[in-house]
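*Asks:* Return atomic coordinates for the entry below.
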Amino acid sequence: MNQLTERKHYLDNLRAFTTFLLFPFHIFVVYNNWGENWYIHGEALLFPSIWNQLSSLWMMPLLFAIAGISTRYALKKRSAGDYVKERVSKLLIPLIFGMLLIVPIQTYIAGLFFNGGANYFDCFTRVTDLSGYDGAFTLGHLWFLLFLFVMSIVCLPLMILYDKKGKGTLGDKTPLVLVVFMGLLPCFGSILKIGGKSPTEDMAYFLLGYFFLSNENLLKKLEKYRFLLLGLFVSCVGVIVFVFNKEYYEAACWLAILTIIGMGRHYLNFTGKVTGYISKSSYGVYLFHQSWIAVAAFLIFKVTDNYIVQIPLIFLISVLCTYLTYEICRRTPGLRWMFGLKK
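*Replies:* So this is what the prediction gives:
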């Protein structure tokens, strides 16, 4: 079987694992100690804040890199026109319906929690800093869909032009040290930010995934030197925290991606009923999880002030409601189309 068309189970598992970790990530944002309200805000706690600061180094950058890798494989199996149609059905249509039906729940909760009252339509009519934490307009967590859709379309001519030259993926003869220093590209891209997010930085991860991380010889290097890369990542984080006072954290993101993909290729390249279901449901989990976390937190906060009780209850309620919503939507033709889900 062609290596570019063979199913990479470790990528499915990494994507699913990362998506599921958004549950603790967004629950812990509720308890952050850096002064961000989010849609709900509780007691400022040290451990959840440290967890999120470390997680943010790699979670979304990894998803963009995997999207780039997956695009490489997709364009080997379908035409550019079919790829665009798939991006519209998978990203653009769910973005539109998500902005109408999913995100307003979060901004409504924010208005209730911080202002004591809210207008459900504020998220459509009032614009502030785009965070939505004050009940105004936001993309919420669906910014990922917008960024990925735009970069998929914008980068498509470049990817097609390069493939027509028949050069294949890069990385065959690229020294590992040079691959490591490619992490400077996202660092330069991070200069441009919109609403606290950097589309150019995320596009750099997407393109690095497409052109480099889909190369089998490079992937073998990452697997072989996975512990070396892990050591470099830990050292880099240590330097950033203790020398630069948490500035320039983007420098560690690329090392985290290389490490995780190397580890994943070695330890997670398998499939089964459980991993298959988790992988299949991961997109629905991404769409629905954050609104259910906001709702669960709002309700639980009314019942108890004890964060030791709040956190596990929010987790259990949001996970159960998210998967129930996913199951209902994937089994309902109209909803399945609206949210780009597989049956």
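
*Asks:* What residues does residue 86 make contact with?
*Replies:* Contact analysis of residue 86 by C-beta atoms under 8 Å, 6 or more residues apart in numbering lists 74, 78. Just so you know, the C-beta spots here come from the backbone N, C-alpha and C atoms, and that holds for glycine as well.

*Asks:* Quick check: which element contains it?
*Replies:* Residue 86 belongs to helix 80-87 when assigned by DSSP states H and E.

*Asks:* and after that helix, which helix or strand comes next?
*Replies:* Using DSSP H and E, the first helix or strand after helix 80-87 is helix 93-101.

*Asks:* shaky segments in the stretch 1-150 of the chain?
*Replies:* 1-6 (pLDDT under 70).

*Asks:* if we go to 90?
*Replies:* Within the stretch 1-150 of the chain, the ranges that satisfy pLDDT under 90 run 1-8, 34-37, 53-54, 56-57, 76-78, 111, 114-137.

*Asks:* Helix or strand for residue 207, just tell me which one.
*Replies:* helix 199-211.

*Asks:* That helix: what's the following helix or strand?
*Replies:* Following helix 199-211 toward the C-terminus (DSSP H and E): helix 216-224.

*Asks:* residues touching residue 343, list them.
*Replies:* Residue 343 sits in contact with 330, 331, 336, where contact means C-beta under 8 Å, 6+ apart.

*Asks:* Please name the nearest non-neighbouring residue to the second one.
*Replies:* Spatial nearest neighbour of residue 331, chain neighbours left out: residue 343 (7.6 Å); criterion: C-beta to C-beta, 6 or more residues apart in numbering.

*Asks:* rewinding a little: pull out the buried residues from the contacts of residue 343.
*Replies:* 330, 336 (16 or more other C-beta atoms under 10 Å).

*Asks:* Check the separation of the first and last residues in stretch 301-313.
*Replies:* 10 Å (C-alpha to C-alpha, to the nearest Å).

*Asks:* what's the answer for stretch 41-51, then?
*Replies:* Criterion C-alpha to C-alpha; first-to-last residue distance in stretch 41-51 is 17 Å.

*Asks:* Please shift the residue numbers so they start at 9 in all later answers.
*Replies:* Understood, numbering begins at 9; the last thing we discussed is stretch 49-59.

*Asks:* Report the distance from that stretch to the chain centre.
*Replies:* Relative to its chain's centre, stretch 49-59 lies at 21 Å (C-alpha atoms, centre = their mean, to the nearest Å).

*Asks:* Tell me the buried residues in that stretch?
*Replies:* Neighbour counts over stretch 49-59 (16+ other C-beta under 10 Å) mark 49, 50, 53, 56, 57, 59 as buried.

*Asks:* sorry, back to before: among the contacts of residue 351, which ones are in helices?
*Replies:* By the criterion of DSSP state H, membership of the contacts of residue 351 in helices covers 338, 344.

*Asks:* could the contacts of residue 351 be laid out in JSON lines, adding pLDDT and distance to residue 141?
*Replies:* JSON lines is the format used below for those (pLDDT from 0 to 100; distance: C-beta to C-beta, whole Å):
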{"residue": "338", "pLDDT": "97", "distance to residue 141": "30"}
{"residue": "339", "pLDDT": "97", "distance to residue 141": "33"}
{"residue": "344", "pLDDT": "97", "distance to residue 141": "31"}
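
*Asks:* and stretch 197-208, C-alpha only, in CSV?
*Replies:* The C-alpha trace of stretch 197-208 is given here as CSV (Å, rounded to 0.1, in the frame of the first residue of the first chain):
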residue,chain,number,x,y,z
GLY,A,197,4.4,34.1,12.3
SER,A,198,3.2,34.8,15.8
ILE,A,199,3.8,38.5,15.3
LEU,A,200,0.4,38.9,13.7
LYS,A,201,-2.5,38.3,16.2
ILE,A,202,-6.2,38.6,15.8
GLY,A,203,-8.3,38.4,18.9
GLY,A,204,-5.4,36.8,20.8
LYS,A,205,-4.9,34.2,18.1
SER,A,206,-2.2,34.1,15.4
PRO,A,207,-3.4,32.8,12.0
THR,A,208,0.1,33.1,10.5
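
*Asks:* neighbouring contacts of that stretch?
*Replies:* Contact partners of stretch 197-208, identified using C-beta under 8 Å, 6+ apart, comprise 137-139, 146-147, 151, 155, 158-159, 209-212, 258.

*Asks:* And for stretch 166-174?
*Replies:* The contact list for stretch 166-174, computed with C-beta under 8 Å, 6+ apart, reads 79, 80, 83, 88, 218, 219.

*Asks:* Kindly report the same for stretch 107-124.
*Replies:* 45-49, 125-132, 140-150, 295-296, 298-299, 302-303, 306, 309.

*Asks:* For PyMOL, what selects the buried ones among the residues you listed?
*Replies:* In PyMOL syntax, the buried subset of the contacts of stretch 107-124 is picked out as below (16+ other C-beta under 10 Å):
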select buried, resi 46+47+48+49+126+130+131+140+141+142+143+144+145+146+147+148+149+150+295+296+298+299+302+303+306+309
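
*Asks:* Sweet, I'm off.
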